[in-house]
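[1] I'd like to go over a predicted model; first the sequence, then the structure.
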Amino acid sequence: MRVDGKAFTTIWADKATASVTVIDQTRLPHHFELISIADVEAAGRAIKTMQVRGAPLIGITAAYGVALAMRADPSDDNLERACGLLKATRPTAVNLQWALDSMRRRLAPMPPPERFDAAFNQAAQMARDDIALCEAIGRHGLGLIKEIAARKPRGASVNILTHCNAGWLATVDWGTATAPIYKAQEAGLEIHVFVDETRPRNQGAALTAWELGQHGVPHTVIVDNAGGHLMQHCEIDLVIVGTDRTTATGDVCNKIGTYLKALAASDNHVPFYVAAPSPSIDFSISDGLAEIPIEIRAQEEVSHILGLGADGDIHKVRLIPQGSGALNPAFDVTPARLVTGLITERGVIAASREALAKAFPERIRA
Ligand SMILES: CSC[C@H]1O[C@H](OP(=O)(O)O)[C@H](O)[C@@H]1O
């Protein structure tokens, strides 16, 4: 997507120099900075510290991390060490495990000297596939926005609420929840996005607002607790969020606070859709609440906040009293019953085992 008018993806790599470059998302929205990932340890740090984040991008960054590990040492032991190191970075997004399993399946049977080349090619293919998946989600989600637009008075905007950042910054390009938004903008539809700030890391305020602004998409940042109020006052036509792990029955694990938005949407009869590319679907589990590991991140992300100082640099300030503890679960689970539908790369489907089995018969049996 565009940054200051120039086309970017969130990650790009050059096999000849074995270089992997990413946008440092911890510096956005105030500073646009690139970092080079030179080895698997650096890939792990980038994921753990959320320099790169977002389920799809986490998986693809890990895939390149495995490739870099194979360049350093293509042995079986190092393959296992690299996968273990990367798996330990963040537990919730299933894309990480999906990417590591895919790399391991491809590389384990190969002669070690061939592993780096194959790994790099596989990671690059995953990145290309991600772009195609997200673009397809954009096309399918566009239909939902068009349906709503047709019912609105001429010139009135379709008001969409999104939570956290499931934008192009969370993927390689397009985003998942934002892909239909960008497609609607391209189609000339009148749209406006309410952007949940998404405490504590403020992915919405810092990342979604930034990327929508770069594309000239009208948007308004709101505090997380305002969404229900806006729905009660018919200010929201549609909610679209991302997913870190959707189960075979349609339960959706996403950024903390998503469940509360789904409750408010259900109570106010607002359509609540989840943009769910298949690498973010865990077809091996059925009960999201019982089976999905929820990452608990550092208390400091709650007790402190980052912002731009008068000196033009990023500063961290304390929000809560010394001595007050903080609890920081990073995700929650929205039961399928609260999900209007899943926007997948194969179409918009119900959040149910039957619909997932029909859309992905090679992955699941009804
Ligand atoms: C396109 S999925 C993005 C998904 O990942 C985010 O989590 P995090 O920023 O902690 O990686 C959030 O849950 C988004 O919905």
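    Thanks, I have it. Numbers count the residues shown, from 1 in each chain.
[2] nearest the geometric middle of this protein, what residue?
    Geometric centre of the chain, nearest residue: residue 54, 3.3 Å, by CA atoms, centre = their mean.
[3] that one against residue 165, yeah?
    Yes - the criterion here is CB atoms under 8 Å, and residue 54 meets it with residue 165 at 6.6 Å. Glycine gets a C-beta too; all of them are placed from N, C-alpha and C.
[4] between the two, what contacts are shared?
    Common neighbours of residue 54 and residue 165, using CB atoms under 8 Å, 6 or more residues apart in numbering, are residue 242.
[5] what does the stretch 51-200 of the chain have sitting close to the ligand?
    Residues of the stretch 51-200 of the chain found near the ligand (CB under 6 Å from any ligand atom) are 53, 54, 55, 56, 164, 165, 166, 170, 171, 176.
[6] my read is residue 306 is in a strand, agree?
    Yes - checked against DSSP: H, G, I helix; E, B strand; the rest coil, residue 306 lies within a strand.
[7] which residues does it bridge with?
    Counting by DSSP bridges, residue 306 forms beta bridges with residue 316.
[8] and the gap between it and residue 26?
    8 Å (CB to CB, to the nearest Å).
[9] neighbour count: the two, which is higher?
    Legend: neighbour count by other CB atoms under 10 Å for residue 306 and residue 26, higher for residue 26 (18 against 15).
[10] surely the more buried one meets residue 51?
    Yes - counting by CB under 8 Å, residue 26 touches residue 51, with 5.4 Å between them.
[11] with distance to residue 340 added, can I get the residues of the stretch 51-200 of the chain next to the ligand in CSV?
    Shown next, in CSV, are these (distance: CB to CB, whole Å):
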residue, distance to residue 340
53, 26
54, 23
55, 20
56, 22
164, 18
165, 21
166, 16
170, 21
171, 22
176, 16
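[12] which positions in the stretch 251-366 of the chain make contact with the ligand?
    254, 255, 330.
[13] got the contact list for residue 54?
    10, 93, 165, 166, 167, 169, 170, 171, 242.
[14] name the nearest residue to the fourth one, sequence neighbours excluded.
    The shortest distance from residue 166 to any non-neighbouring residue, by CB to CB, 6 or more residues apart in numbering, is to residue 242 (2.5 Å).
[15] what is the burial count for the one you found?
    31.
[16] do residue 195 as well
    Considering only other CB under 10 Å, residue 195 is surrounded by 26 other residues.
[17] doesn't it belong to a helix?
    No - Residue 195 is assigned strand when assessed by three-state DSSP, not a helix.
[18] ok, it touching residue 209?
    Yes - between residue 195 and residue 209 there is a contact at 5.1 Å, judged by CB under 8 Å.
[19] residues shared between the contacts of these two?
    By CB under 8 Å, 6+ apart, residue 195 and residue 209 have these common neighbours: 219, 221.
[20] the stretch 51-200 of the chain: helices as residue ranges?
    55-72, 76-87, 94-107, 115-151, 179-186 (DSSP state H, counting those that start in this stretch).
[21] can you list contacts of the second one?
    Contact partners of helix 76-87, identified using CB under 8 Å, 6+ apart, comprise 40-41, 43-44, 47, 62, 65-66, 69-70, 72, 96-97, 100, 103-104, 107-108, 112, 115.
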